[in-house]
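Asks: this is the structure alone, sequence omitted:
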């Protein structure tokens, strides 16, 4: 039986959110925790779209906050699987904010998540491999392995 493989674009997810008053702090900036919630949902959707199973968050490597996102701005989240590793996969998420009033769009955040696919009994299940097609996808595929090796090394050191 041939092994199942998917393209990166087959896992792609886009989400759009509007920053409302209950999403902000006293300065009128989007709460970091709210953004992390949206990031996790977007990444989980990409992972489950790729794996065709429920996927759970195993780790978050890093979330870089480049610019604050203001009340009234629109938040665009883009996620796709960078690489699959047996039962786990790395999902990258990019975030852009846009002020429709000012006509400005900026890259505000990036994050890397690791998800594990689970079967109906909650046991890890093998996920399809990823086929990177574009130069950017190939770069992200290569870098995902480097990040995984660092994660595994850090885990080994801390145990």
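Replies: Received it, and whenever you're ready, just let me know what you need. This is a predicted model, so every value here is computed, not measured.

Asks: and residue 110, that's in a strand?
Replies: Yes - the assignment for residue 110 by DSSP: H, G, I helix; E, B strand; the rest coil puts it in a strand.

Asks: check contacts around it.
Replies: For residue 110, the contacting residues are 63, 64, 66, 92, 93, 94, 95, by CB atoms under 8 Å, 6 or more residues apart in numbering. Bear in mind the C-beta positions are built from the backbone N, C-alpha and C, glycine included.

Asks: tell me the contacts of the first one?
Replies: Okay, so that is residue 63. Taking CB under 8 Å, 6+ apart, we find residue 63 in contact with 32, 35, 36, 39, 109, 110, 111.

Asks: could you identify the most distant pair in the residues you listed?
Replies: 32 and 110 (13.9 Å; CB to CB).

Asks: and the helix ranked longest in the chain, what other elements does it pack with?
Replies: Longest helix in the chain, counting residues (DSSP state H): helix 135-158. The contact analysis (3 or more CB pairs under 8 Å, 6 or more residues apart in numbering; DSSP states H and E) places helix 135-158 against strand 54-65, strand 74-85, strand 88-99, strand 104-118.

Asks: out of these, nearest to residue 20?
Replies: So among those, strand 74-85 is nearest, using CB to CB, at 10.8 Å.

Asks: returning to that earlier point: quick one, which of the contacts of residue 63 are buried?
Replies: Using 16 or more other CB atoms under 10 Å as the burial test, the contacts of residue 63 include 35, 39, 109, 111 as buried.

Asks: the first one is in contact with residue 66, isn't it?
Replies: No - here residue 35 does not reach residue 66: they are 11.7 Å apart, not a contact under CB atoms under 8 Å.

Asks: which neighbours do those two share?
Replies: Contacts common to residue 35 and residue 66, judged by CB under 8 Å, 6+ apart, are residue 109.

Asks: quick one: residue 59 from residue 97, how far?
Replies: Computed as CB to CB, to the nearest Å, the residue 59 to residue 97 distance reads 25 Å.
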